[in-house]
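J.: Attaching a predicted model along with its sequence, questions to come.
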Amino acid sequence: MKRLAGNIAFIFAAFTAAALILSAYGGCVSPVRSTIPALAAMAFPVIALIAVIAAISCLFFSRKSALLLLGALLISSPTILTYFPLNISSSSPDSGGFSVMTYNVCNLSDFTGSQENQHNNPTLQFILNRNADIVALQECATFTHSPETEVSKSLLDSLFAKYPYHTNDPEGQAILSKYPFREIRLHHRARHDFQVRAYTVCAPADTFTLFNLHLKSIGLNPDDKELYRDITKGKSEGAGLRNELRDIKHSLISKLSAAFRDRAVQAEKVKQLIDSIGGPVIVCGDFNDVPTCHAIRTIESAGLKDAYSAAALGYAVTYHADRFYFRIDHILYRGFLPSGVKRISVPYSDHYPLIATFTPAG
């Protein structure tokens, strides 16, 4: 019986180790070829947690299985540290440095549904109070209107006094800046599912190019989201569960796969634009995909690095609606040194903002 238990443990450990390594490096495979690795990459935090628990458990009755899992965890350690970095740093700009915030503001709506914020838009008030030097916004076609809350003239006057350089466009990409900038004309036609804007920013520390992105979303409808919430809450069982799992396969997974493929093409376009400009670069925005995904790896191949993994501490998510808890907002950089990155848990949008501080690399 003990030998049988050991064999079962080893089979489970081998399966978990293989799943862990596949999810850790799933982003290396283009979704155009296969979307299975991309789907595995989304599940990496859960698989990694299972592997850690299994490795600890196996230490007591199956050392061989524990060593196999520990080996897989070691192989996957670069991805683990990307999701769960261990940097001790300050988020205050050093002398000559500057801060950048990226924030999908969901059209300045109030995700909390609070009645207290009706007379003062809480998202713009937060941005004003947070005082980042440069703010890159997504889903912000206007600064003057919000679906539920008032945008007062006094608030706008204060915002534009702090950020005298600002712009926004009908597709939702917006910039607030304390420093002068000019938009770079890109050979790219904006689409509802792919927005990219580039700006030359004249910061005191250095002149650099800022890219503000919004890559293809999953495109789930309310029925898809309700289905996902039911599954993750454990509301279904028996035949109902089987039917919903079938629906997930045909609806959720097919939409995820289509989005993976579209983002692969979009990321390649962004990389080409970065290569055509050169110099110090910051790329930020709503990527709609997780760390180490294929889209991020493609953009990073232009010589960029992930600011969160380089300068943050601990695990974080930036999307918190509908039980989709992922870090899909990112800040990538080239030619700078990040001195700190934080996720701010402000609840007004379905996204949380990221704020990074940078100093020149030279």
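T.: Sure thing, it's come through.
J.: Considering helices and strands only, name the one in the chain with the lowest mean pLDDT.
T.: When the helices and strands of the chain are scored by mean pLDDT, DSSP states H and E, helix 238-247 comes last with a mean of 58.
J.: For Tyr165, give its distance to Ala174.
T.: 12 Å (Cβ to Cβ, to the nearest Å). The way it works is simple: take the backbone N, C-alpha and C, and place the C-beta from them, glycine included.
J.: higher neighbour count, those two?
T.: Ala174 (22 against 17; other Cβ atoms under 10 Å).
J.: Does that one touch Leu159 like I think?
T.: No: taking contacts as Cβ atoms under 8 Å, Ala174 lies outside contact range of Leu159: 11.4 Å.
J.: Now for those two: what residues contact both?
T.: Common contacts of Ala174 and Leu159 (Cβ atoms under 8 Å, 6 or more residues apart in numbering): Phe143.
J.: what's around Ser251, how many residues?
T.: Neighbours of Ser251 (other Cβ under 10 Å): 17.
J.: And for the one 3 residues further on?
T.: The number of residues packed near Ser254 is 12, by other Cβ under 10 Å.
J.: Show me the contact partners of the helix or strand it falls within.
T.: Using DSSP states H and E, Ser254 sits in helix 253-277. The contact list for helix 253-277, computed with Cβ under 8 Å, 6+ apart, reads 30-32, 35, 38-39, 42, 184, 186, 188, 193-194, 196, 198, 209, 211, 213, 215-220, 224, 281, 283, 287-289, 293-296, 298-299, 301-302, 304.
J.: And stretch 6-22, by the same measure?
T.: In contact with stretch 6-22 (Cβ under 8 Å, 6+ apart) are residues 37, 40, 44, 47-48, 50-51, 54, 58, 61-62, 64-66, 68-69, 71-73, 75-76.
J.: So among these, which ones count as buried?
T.: 37, 40, 44, 47-48, 50-51, 54, 58, 62, 65-66, 68-69, 72-73, 76 (16 or more other Cβ atoms under 10 Å).
J.: Do a quick rundown of the helices in this protein.
T.: Per DSSP state H, the chain carries helices over the ranges 2-24, 36-42, 44-58, 63-75, 77-83, 122-130, 153-162, 222-233, 238-247, 253-277, 294-300, 307-311.
J.: now those helices as JSON lines including distance to His351?
T.: Below are those laid out as JSON lines (distance: least, Cβ to Cβ, whole Å):
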{"stretch": "helix 2-24", "distance to His351": "24"}
{"stretch": "helix 36-42", "distance to His351": "17"}
{"stretch": "helix 44-58", "distance to His351": "18"}
{"stretch": "helix 63-75", "distance to His351": "30"}
{"stretch": "helix 77-83", "distance to His351": "18"}
{"stretch": "helix 122-130", "distance to His351": "11"}
{"stretch": "helix 153-162", "distance to His351": "19"}
{"stretch": "helix 222-233", "distance to His351": "15"}
{"stretch": "helix 238-247", "distance to His351": "26"}
{"stretch": "helix 253-277", "distance to His351": "17"}
{"stretch": "helix 294-300", "distance to His351": "17"}
{"stretch": "helix 307-311", "distance to His351": "14"}
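J.: which of the ones you listed has the lowest average pLDDT?
T.: Of all the helices of the chain, mean pLDDT reaches its minimum on helix 238-247 (a mean of 58).
J.: So what's the residue count around Phe326?
T.: Residues near Phe326, counting by other Cβ under 10 Å: 15.
J.: Return the residues in contact with it.
T.: 42, 290, 317-319.
J.: Verify the stated contact: Asp350 with Cys106.
T.: Yes: between Asp350 and Cys106 there is a contact under Cβ under 8 Å: 5.3 Å.
J.: which of the two has more neighbours?
T.: More neighbours surround Cys106 than the other of Asp350 and Cys106, with 20 against 17 (other Cβ under 10 Å).
J.: My guess is that one contacts His351. True?
T.: Yes: taking Cβ under 8 Å as the definition, Cys106 is a contact partner of His351 at 6.9 Å.
J.: Can you name the residues that contact Ser345?
T.: Contacts of Ser345 (Cβ under 8 Å, 6+ apart): Tyr352.
J.: Return the distance of it relative to Leu59.
T.: On the measure of Cβ to Cβ, Ser345 and Leu59 end up 35 Å apart.
J.: which residue sits closest to Thr112 in space, ignoring its chain neighbours?
T.: Pro347 (5.2 Å; Cβ to Cβ, 6 or more residues apart in numbering).
J.: tally of neighbours for that neighbour?
T.: 13.
J.: So what does it have for phi and psi?
T.: phi -90, psi 10 (degrees, to the nearest 10).
J.: Number the residues from 58 up from this point.
T.: Will do, 58 is the new start, and the previous item becomes Pro404.
J.: What residues of stretch 255-263 count as buried?
T.: 255-256, 258, 260, 262-263.
J.: Farthest-apart pair in these, please.
T.: Spatially, the most separated pair among the buried residues of stretch 255-263 is Ala255 and Ala262, at 18.9 Å (Cβ to Cβ).
J.: Need the pLDDT of Ser146.
T.: Taking Ser146 on its own, its pLDDT is 62.
J.: just Val192 next, same as before
T.: 98.
J.: wouldn't it be in contact with Leu185 here?
T.: No: using Cβ under 8 Å, Val192 is not in contact with Leu185; the gap is 9.8 Å.
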